[in-house]
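>>> Provided below for reference: sequence and predicted model.
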Amino acid sequence: MSPEFSEQTKKKIKEVISRYPRMEASLLPVLHLTQQEFGYLPEEAERAVAKMLRIKPVRVREAVTFYTMLHSQKKGKYHIQVCSNLTCSILGAEKLIDYLRNKLKIEPGETTADSKFTLSTVECLGACEAAPCMQINFDYYGNLDKKRIDSILESLD
Ligand code: FES
């Protein structure tokens, strides 16, 4: 069954596709728009994108499974992505990830029972100067310690 795209998203997708010399080249922006529409990329949405761009579904699957910003599973309202790369690790990321695991009672890749938080570990967020750091949805938070994490999570409704 094909997912229902809103008229607004259909219009945006059409506009994005028109910017590229080949439809296939618009795959990533089209996937981002599709994810914005549904909150994640269910299999039906992947198939719809493949059909739209006239490419094999496996090409879409490859992109969705390669890029960590694309999600084939529903996420919580707040997606906490903690950097576990070198600089952040040296400055204590593992301890902060453990702290979040215990605080939220979930493992990386899981979502809390109330669907409020999803916890992930990710590669370098490109904000090493503020290590250790994390991203929650589209916002960055750096120079983290347990106290700062508590205050950030408390500020989220
Ligand atoms: S290593 Fe963590 S932001 Fe670069």
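Looks like it arrived, so ask away.
>>> and the residue most central in space within the chain, how far from Gln35?
The centroid of the chain falls nearest to Met69 when counting by C-alpha atoms, centre = their mean (3.6 Å). As judged by C-beta to C-beta, to the nearest Å, Met69 and Gln35 stand 8 Å apart. Glycine gets a C-beta too; all of them are placed from N, C-alpha and C.
>>> what's the answer for Gln135, then?
16 Å.
>>> next: Glu15.
17 Å.
>>> which one of the two is surrounded by more residues?
For Glu15 versus Gln35, neighbours defined as other C-beta atoms under 10 Å are more numerous around Gln35 (18 against 12).
>>> for Tyr129, what are its contacts?
Not quite, residue 129 is Glu, not Tyr. Residues in contact with Glu129 (C-beta atoms under 8 Å, 6 or more residues apart in numbering) are Gly142.
>>> wait, Met52
13, 17, 23, 30.
>>> ok, which pair from the residues you listed is furthest apart?
Ile13 and Met23 (10.6 Å; C-beta to C-beta).
>>> of these two, who's got more company?
The residue with more neighbours, out of Ile13 and Met23, is Ile13; 20 against 14, by other C-beta under 10 Å.
>>> surely the more buried one touches Phe5?
Yes - between Ile13 and Phe5 there is a contact at 7.3 Å, judged by C-beta atoms under 8 Å.
>>> now for those two: what residues contact both?
By C-beta under 8 Å, 6+ apart, Ile13 and Phe5 have these common neighbours: Thr34.
>>> was I right to think Leu125 contacts Pro132?
No - here Leu125 lies out of contact with Pro132, judged by C-beta under 8 Å, at a distance of 10.0 Å.
>>> so what sits against both of those two?
With C-beta under 8 Å, 6+ apart, Leu125 and Pro132 have common neighbours Cys83.
>>> neighbour count: the two, which is higher?
It is Pro132, of Leu125 and Pro132, that has more neighbours when counted by other C-beta under 10 Å, with 28 against 19.
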